[in-house]
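> Quick one: sequence and predicted model below, then my questions.
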Amino acid sequence: MNLKEFLDKINGIKDAAFSEIKASKDKETLEGVRVKYLGSKGLLSELSKAMLTLERQDRPEAGKTLNQTKEEITLEHKRAHQEVLKAPVSESDYIDVTLPGRRVPLGHRHLITRTSQEICHIFEKMGLTITEGPEVETDYYNFEALNFPQDHPSRDMQQTLFVGKELLLRTHTSCVQIRTMEKTPPPVWIVVPGKTYRRDDDLTHSPMFNQVEGLVVDKGITMADLKGMLAEFARQFFSQDTKIRLRPSFFPFTEPSAEVDIACVNCGGKGCRICKGSGWLEVLGCGMVNPALYKNVGYDPKTVTGFAFGIGVDRMAMLKYHLDNISRFYAGDVRYMRQFPS
Ligand code: DAH
């Protein structure tokens, strides 16, 4: 090697070392660079051995340049090392207080949850206690104990999904009437919110929907108490001037049974498209507890009487907020829910 070649080589090494130091963003990489260039078996030390191949008179200049370069690289390495130590290790190590805060996205109470809670609250104020029961039920609690005999056509009113042979998805919350009376002696004043399931699917029916059940069993309870409680409920839920009427109907677990209508929320009773000209909207089923149920739970039908009712929560929400498609409740779109009070 001659002097020129030697000096060129030093310069090449210096440039490479500088650019590698510059590119190093952490301690480990920098240490690698140090070993590669400044280490005892590094490129510079190799070069100092190569000095012996130079002409004697060229060696002092070569040595001087080599030492200078070594010093420059060492200095640059130290500077970079300091910088790496000072630099934030991760994003969480520094806080820029001038940046705007990050918003935590908030959800919105589901309109069905809200409506169910609102309905229950009205009945709680009248003295009923919230009770719940399982959504997967036995045939006994969903049908048999509620006086739907095996193979009786009354079962056709409510078709559901079976989970195995004995278990089904409950078609109504009425099962909780039996479960509660079995466990507790009278008086019973309960309100039961919960999910229910049926083989039903159109603009106003969903295979999964929600009900609130009511049951009052006590001494001397009459149908007048039932009507009074439901009339007050309608006034509190819709508006103070809401009128109701009871129409005879049939349910196996009540006798007599009735369907409750409210004066149409759209036209106030004059007749319109919503109420199909009748002025009335059907909102719930109710009746006096069929004494057959008392036998199933061990109550004495001579000492207690009672009434029950079942309210469709989805239907109540749709009527109150003038909605026409039940499936929107279950589409999981928070923007839809945000239109309604939380
Ligand atoms: N379980 C009935 C249904 O889902 C609703 C119902 C009607 C409940 C009358 C009652 C009642 O408690 O007395 O269609």
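The structure has been received and is ready for your questions. None of these values were measured; they are calculated from a predicted model.

> Show me what the residue of the stretch 151-300 of the chain found nearest the ligand is bridged to.
Residue nearest to the ligand within the stretch 151-300 of the chain: Gly285 (2.8 Å; Cβ to the nearest ligand atom). Where C-beta positions appear, they are placed from N, C-alpha and C, glycine not excepted. Beta-bridge pairing for Gly285 (DSSP bridges): Glu259, Gly310.

> how much space between it and Gly312?
Distance of Gly285 to Gly312, computed by Cβ to Cβ, to the nearest Å: 9 Å.

> can you check His108 too?
22 Å.

> Residue numbers of this structure in contact with the ligand?
Taking Cβ under 6 Å from any ligand atom as the criterion, the chain approaches the ligand at residues His172, Ser174, Glu213, Phe251, Thr254, Gly285, Cys286, Gly287, Ala308, Phe309, Gly310.

> Shouldn't Val35 be within a helix?
Yes: the assignment for Val35 is a helix, going by DSSP: H, G, I helix; E, B strand; the rest coil.

> thought it was touching Gly42?
Yes: with contact defined as Cβ atoms under 8 Å, Val35 counts as touching Gly42 (6.4 Å).

> Give me the more crowded residue out of the two.
Neighbour tally, Val35 and Gly42, criterion other Cβ atoms under 10 Å: the higher count belongs to Gly42, 18 against 12.

> give the contact list for that one.
By Cβ atoms under 8 Å, 6 or more residues apart in numbering, Gly42 lies in contact with Val35, Lys36.

> could you check the distance from it over to His77?
Distance from Gly42 to His77, by Cβ to Cβ: 12 Å.

> got it, and Thr160?
Going from Thr160 to His77 by Cβ to Cβ gives 77 Å.

> Pro187 is in contact with Met181, correct?
No: counting by Cβ under 8 Å, Met181 does not reach Pro187; the two are 10.7 Å apart.

> out of those two, which sits in the more crowded spot?
Taking other Cβ under 10 Å, Met181 and Pro187 do not tie; Met181 has more neighbours (24 against 13).

> and the more buried one, that's in a strand?
No: counting by three-state DSSP, Met181 is not part of a strand but helix.
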